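K.L.:
3D model of this:
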Amino acid sequence: MLFIFAFLLIVILVVLVRCIVIVPQSNAYVTEWLGVYKDTWGAGLRIRTPFVERISRKVSLKEEAADFPPQPVITRDNVTMMIDTVVFFQVFDAKMYAYGVNRPIQAIENLSATTLRDIIGSMTLDETLTSRDLINTKITASLDEATDRWGIKVNRVELKNIEPPVEIRQAMEKQMKADREKRASILLAEGEKQAAITRAEGEKESAVLRAEAVKETKIREAQGEAEAVLTVQRAVADAIKLMNEANPSDGVIAIKSLEAFEKAADGKATKIIIPSEIQGLAGLAASAKTIFDTEDPKATITKTVPKQ
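P.N.:
Model (predicted):
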């Protein structure tokens with residue numbers, strides 16, 4: 001009897017434990033009562049009715065990413081490309097997710113491929129390669145609208161890779177190489193142009209500096225010559241002033257005049273005009289020179305006494 005009571009107690013405890021359900025955060029449990037939808041449990045502690053109530057679906061409410069394999073698509077200009085996509089989605093209604101569609105991920109994949117073919121089929125190859133953001137926006141809006149009845153919110157769709165045919169890739173690589181070489185040539189020409197401009201500006205500045213130096217040199221030379229002329233004139237003026245203060249006789253003046261003519265005769269002049277008053281003094285100077293050149297000047301000098 002005691003054994004049976006213990007067994008029944010254990011069974012009751014097991015049943016009670018199994019009736020206690022803890023729903024984790026960011027999850028939702030869909031429950032059924034005898035096979036019919038009853039309720040959707042959010043996070044927290046829940047008690048279910050034993051034997052008649054069960055959890056039919058455990059749904060995560062977190063955002064999920066579904067990476068789909070490449071899909072062949074044809075552009076408007078009949079170019080076949082392989083494009084693979086990543087769909088980021090989130091369940092907002094666990095009941096609709098559980099009962100709306102069978103295998104929701106596969107349904108999203110098929111819907112994504114169909115929508116992608118429709119969008120790419122209306123675009124050319126160049127538009128497809130350059131309009132990735134536009135394609136993402138269009139396919140996101142289309143999938144989000146189609147999956148609302150499944151309790152799924154499509155947040156965004158990203159195109160991972162766009163692979164055109166091999167021959168087109170080779171042509172694109174050649175074009176890119178030509179563009180790079182063109183840009184390199186342009187940059188080289190711009191560099192040479194800038195270098196030439198810099199050299200020209202340097203030569204211009206150098207020429208200006210040389211001209212300024214020559215100008216400064218000539219100015220200093222002119223100032224030096226002017227100062228030299230001014231100094232000579234001042235010396236001549238001082239000499240004339242001293243001569244005037246000494247009050248020289250006519251003989252001294254005549255002798256100085258003869259000395260000046262002597263210096264003039266040493267030059268390149270071929271004709272010298274001597275004033276008449278100096279010509280008489282020339283003879284007097286010659287006689288005086290003859291007297292001073294004799295051995296006994298006193299013997300040759302005769303004193304002339306004027307008659308009374």
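
K.L.:
For Glu64, which non-adjacent residue is closest in space?
P.N.:
Phe89 (6.1 Å; C-beta to C-beta, 6 or more residues apart in numbering). From N, CA and C alone the C-beta is placed, and that goes for glycine too.

K.L.:
Contact partners for the one you found?
P.N.:
Phe89 sits next to Glu63, Glu64, Ala66, Ile108, Thr147, Ile152, Lys153, Val154, Asn155 when contact means C-beta atoms under 8 Å, 6 or more residues apart in numbering.

K.L.:
If we use 7 Å, what do you get?
P.N.:
Phe89 makes contact with Glu64, Ala66, Ile108, Ile152, Lys153, Val154, Asn155 under the criterion C-beta atoms under 7 Å, 6 or more residues apart in numbering.

K.L.:
what's the helix or strand for the spatially most central residue of the chain?
P.N.:
In the chain, the centroid-proximal residue (C-alpha atoms, centre = their mean) is Leu187; its distance is 13.4 Å. Secondary-structure assignment from DSSP states H and E places Leu187 in helix 166-246.

K.L.:
how distant is that helix from the center of its chain?
P.N.:
Distance, stretch centre to chain centre, for helix 166-246: 29 Å (C-alpha atoms, centre = their mean, to the nearest Å).

K.L.:
now, which of the contacts of Phe89 sits nearest Arg183?
P.N.:
Asn155 (38.8 Å; C-beta to C-beta).

K.L.:
Find the nearest non-adjacent residue to the closest one, please.
P.N.:
Excluding its sequence neighbours, the residue lying closest to Asn155 (C-beta to C-beta, 6+ apart) is Phe88, at 4.7 Å.

K.L.:
For the one you found, grab phi and psi.
P.N.:
When read as degrees, to the nearest 10, the backbone of Phe88 gives phi -100, psi 120.

K.L.:
any idea how far it lies from Val232?
P.N.:
102 Å (C-beta to C-beta, to the nearest Å).

K.L.:
cool, and Leu8?
P.N.:
Look at Leu8 and Val232: by C-beta to C-beta, they are 147 Å apart.

K.L.:
for Gly42, same thing?
P.N.:
118 Å.
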